[in-house]
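Q: My questions concern the predicted model and sequence given below.
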Amino acid sequence: MSGEPAVRLQVDRVSHSYGQLEVLRNLSLEVLDGEFVAVVGPSGCGKTTLLNLLSRFDRPSAGLIEVNGQTRTVYQKDGLFPWQTVWENIALGLRRTKDKKEQERQVKELISLIRLEGFENSYPYQLSGGMRQRVELARALAGTSEVLLLDEPFSALDYLTRLRMRLELARILKERPRTVVLVTHDIEEAAQLADRIIVLSEAPAQIRFELSITAIRPRDPTHEEVVRAVHRVLTELGVESGSGEYANA
């Protein structure tokens, strides 16, 4: 046995169209078990379409997608049920756990993991945006899912809250490792979190280039490798601004 990580997600020569609109063209990608991959690119290039295909929400027009394991998805706007408490929302991720005592133990553990002790009986409207996204993450991490798909989960938050949420996500994944695919328009976010950044071209999207980042998480936005990665991606995309966000994405 080689000891190398298994392939968790396999995208093999995938193309996808909506009617006459071709969004993805002959795209191939492998994501290894435990790897954190961020996908960035211009607006409308097919980032979310790729995530929908990986989540099996949609089927590719051509090519094959193989997902080895159960997936959970976290979206830009949290999907918490407003009539349910923090406890009840997280417990939804454990609905296949029939043992009530075991379900209760896991919900408590998850609430502790996202540091929301004391908010078990709070409703979503009583929480800040960052707190709601932490509950959403806890629900997605509940149970035995192997793959976490993130569709711009922090983009609706202010910049300082996004910074805090990146650190929280890095900490949570250290406690509960998953294979992660993050779709984001924020290149700084991708560089802070990912092991590998995939940059897509304009639609119909193909992989323009890939960039690996070896620095240990959590990473500060001013970390040398993060700054270098942001500069490289912006340069490849033809954006001269030194900002960490690709504003037109």
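A: Okay, I see it.

Q: Break this structure down into its domains, please.
A: Per the record, the chain has its domains at 21-69+147-240, 78-145, by automatic domain parsing.

Q: Next, format these as TSV and append mean pLDDT.
A: Formatted as TSV, these follow (pLDDT from 0 to 100):
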stretch	mean pLDDT
domain 21-69+147-240	92
domain 78-145	90
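
Q: where along this protein do the helices fall?
A: For the chain, helices defined by DSSP state H occupy the ranges 47-54, 86-92, 100-113, 129-141, 159-175, 187-193, 224-236.

Q: among the ones you listed, which is nearest residue 74?
A: Smallest distance to residue 74 across these (CB to CB): 5.1 Å, for helix 129-141. C-beta here means a position set from N, CA and C on the backbone, and glycine is covered the same way.

Q: now the angle from that closest one to helix 159-175?
A: Here helix 129-141 points in a direction 20 degrees away from that of helix 159-175 (axes from the mean of the first three to the mean of the last three CA atoms, to 10 degrees).

Q: Run through the neighbouring helices and strands of helix 129-141.
A: Contacts defined by 3 or more CB pairs under 8 Å, 6 or more residues apart in numbering; DSSP states H and E place helix 129-141 against strand 71-74, helix 86-92, helix 100-113, helix 159-175.

Q: what's it in contact with?
A: 72-74, 78-80, 86, 89-90, 92-93, 110-111, 113-116, 119, 124, 127, 148, 153-154, 156-157, 161, 164-165, 168-169, 172, 176, 178 (CB atoms under 8 Å, 6 or more residues apart in numbering).

Q: go on, stretch 197-204?
A: Here stretch 197-204 makes contact (CB under 8 Å, 6+ apart) with 15, 21-25, 29, 37-42, 44-47, 50, 187, 190-191, 206-213, 229, 233, 236-237.

Q: How far does that stretch sit from its chain's centre?
A: 17 Å (CA atoms, centre = their mean, to the nearest Å).

Q: what about that stretch, how long is it end to end?
A: 19 Å (CA to CA, to the nearest Å).

Q: buried sites along stretch 125-140?
A: Under the neighbour-count criterion of 16 or more other CB atoms under 10 Å, stretch 125-140 has 127, 129-140 buried.

Q: Might one say that residue 195 is in contact with residue 211?
A: No. Judged on CB atoms under 8 Å, residue 195 makes no contact with residue 211 at a distance of 10.2 Å.

Q: Next, work out how far apart the residue nearest in space to the middle of the chain and residue 54 are.
A: Nearest to the geometric centre of the chain sits residue 150, at 2.5 Å (CA atoms, centre = their mean). Residue 150 is 11 Å from residue 54, where distance means CB to CB, to the nearest Å.
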